[in-house]
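S.K.: predicted model and sequence below, questions to follow.
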Amino acid sequence: MRQALERLCTQTAPSGFEGPAARMAAELLRPLVDEVSISRSGSVVGVRRCGRPNAKKLLLDAHLDEIGLITIGIEEGFLRFRSIGGVDPRMLPDREVTVLTDPPRFGVVACLPPHVQKAEDSGKSIPIPELMVDIGMTQEQAVQAVALGTPIVFRGGCAPLGERQMCGKSMDDRSCFAALLRAAELLLDKTLDVDLYLLGSTGEEFSGAGAKTAAFSIAPDFCVAVDVTHGATPDGQKDRTFPLGGGPAIGVGPNMTHWMTRRMVSKAKELELDYQLEVMGGHTGTNGWYFQISREGIATSVLSVPLKYMHSPVEVLDLSDLEAAARLLAAFAQGLGKEAEALC
């Protein structure tokens, strides 16, 4: 998973521009399933067929897109931009970025040194409309090099942090796609009674387009949205964060089908896996929100991996949580077709 995570997170793929991540995801998925395709909406779909006629379908989803920026203008050689997805403006000044031209270009979000700031502005967050990206060019050069609508992402990939943790950009949600790959690997020599679909969906950070279209075209009977949740830090709210290393968080609430939740908890207990419960009173902020109401409705579960510093350029997770999530997903897939008849 560490290798898969490194390969996935180095890809530059903000929402709407997921091509590089989709191609890498397809390459990693291909040895683990019977067939792989990329949908019209850009999502990666891998299928492992169980060989049973009219078998039920289980869909496991993790989105491939990351937050980013998009160029809306050029002023004195500097790029004006807006956000793609939920970008925190506090993180932007002096941030290294990659402008996705061909070839990509290095840039830095411009900032005023503290020496020349007004006293009343020193403790304020600068609104995104007032920020610009410096690419070291004149106005004429920048107009020639960067087209309006060019996306921009945080620079970097991922790296170890301590013994068990990894840090880097786009852990939300490519880390969970790495967990899907691991689950598929664990199931290679196992007999299934459902057709297993692994989805690397697009557009989650702004519309859920990849999940909506995939749910409509695949028409699964069951699905699990695998995403990240907020990891605990000393300054975090204790009732809204989850410790890293404590296992994945199983969603509980109205966006989840109750028997799916109970079965997920039961499988975690059977395997003696560490797990946590995340009560979600409404919108889960995941693709599960869309799966549950697709077509006539899909039995849905949400499984989340704790992640510190979500939607920042350097997110942090614990590899043991990814492994536990993968093992839980693999166990959940086995025997699902037969057990679902009694549980539904």
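M.R.: Okay, I see it.

S.K.: show me where pLDDT drops low in the stretch 51-200 of the chain?
M.R.: 113-123 (pLDDT under 70).

S.K.: for it, just list every one of the strands.
M.R.: 56-63, 68-75, 78-84, 96-99, 105-109, 132-134, 151-154, 158-161, 165-168, 194-201 (DSSP state E, counting those that start in this stretch).

S.K.: need these in CSV (columns: distance to Gly285).
M.R.: Glycine gets a C-beta too; all of them are placed from N, C-alpha and C. Converted to CSV, the strands of the stretch 51-200 of the chain look like this (distance: least, C-beta to C-beta, whole Å):
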stretch, distance to Gly285
strand 56-63, 11
strand 68-75, 18
strand 78-84, 17
strand 96-99, 25
strand 105-109, 26
strand 132-134, 28
strand 151-154, 20
strand 158-161, 22
strand 165-168, 21
strand 194-201, 14
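
S.K.: turn those into CSV, including mean neighbour count and distance to Ala299.
M.R.: Converted to CSV, those look like this (neighbours: other C-beta atoms under 10 Å; distance: least, C-beta to C-beta, whole Å):
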stretch, mean neighbour count, distance to Ala299
strand 56-63, 26, 10
strand 68-75, 19, 33
strand 78-84, 20, 32
strand 96-99, 20, 40
strand 105-109, 19, 44
strand 132-134, 20, 45
strand 151-154, 24, 35
strand 158-161, 16, 33
strand 165-168, 20, 32
strand 194-201, 27, 12
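
S.K.: closest to Cys223 out of these?
M.R.: strand 56-63 (4.0 Å; C-beta to C-beta).

S.K.: what's the closest one packed up against?
M.R.: Where contact means 3 or more C-beta pairs under 8 Å, 6 or more residues apart in numbering; DSSP states H and E, strand 56-63 is packed against helix 171-186, strand 194-201, helix 209-218, strand 222-230, helix 319-333, helix 336-343.

S.K.: in contact with Val108, which residues are there?
M.R.: Asp94, Arg95, Glu96, Val97, Val133, Asp134 (C-beta atoms under 8 Å, 6 or more residues apart in numbering).

S.K.: give me the distance between it and Pro20.
M.R.: Applying C-beta to C-beta, to the nearest Å, the value for Val108 to Pro20 is 22 Å.

S.K.: one more: Thr286?
M.R.: According to C-beta to C-beta, Thr286 stands 23 Å off from Pro20.

S.K.: compare those two (neighbour count), which wins?
M.R.: Thr286 (28 against 15; other C-beta atoms under 10 Å).

S.K.: wait, that one touches Thr229, no?
M.R.: No: shown here, Thr286 and Thr229 do not form a contact pair, counting by C-beta atoms under 8 Å, at 9.0 Å.

S.K.: fine, thanks again, bye for now.
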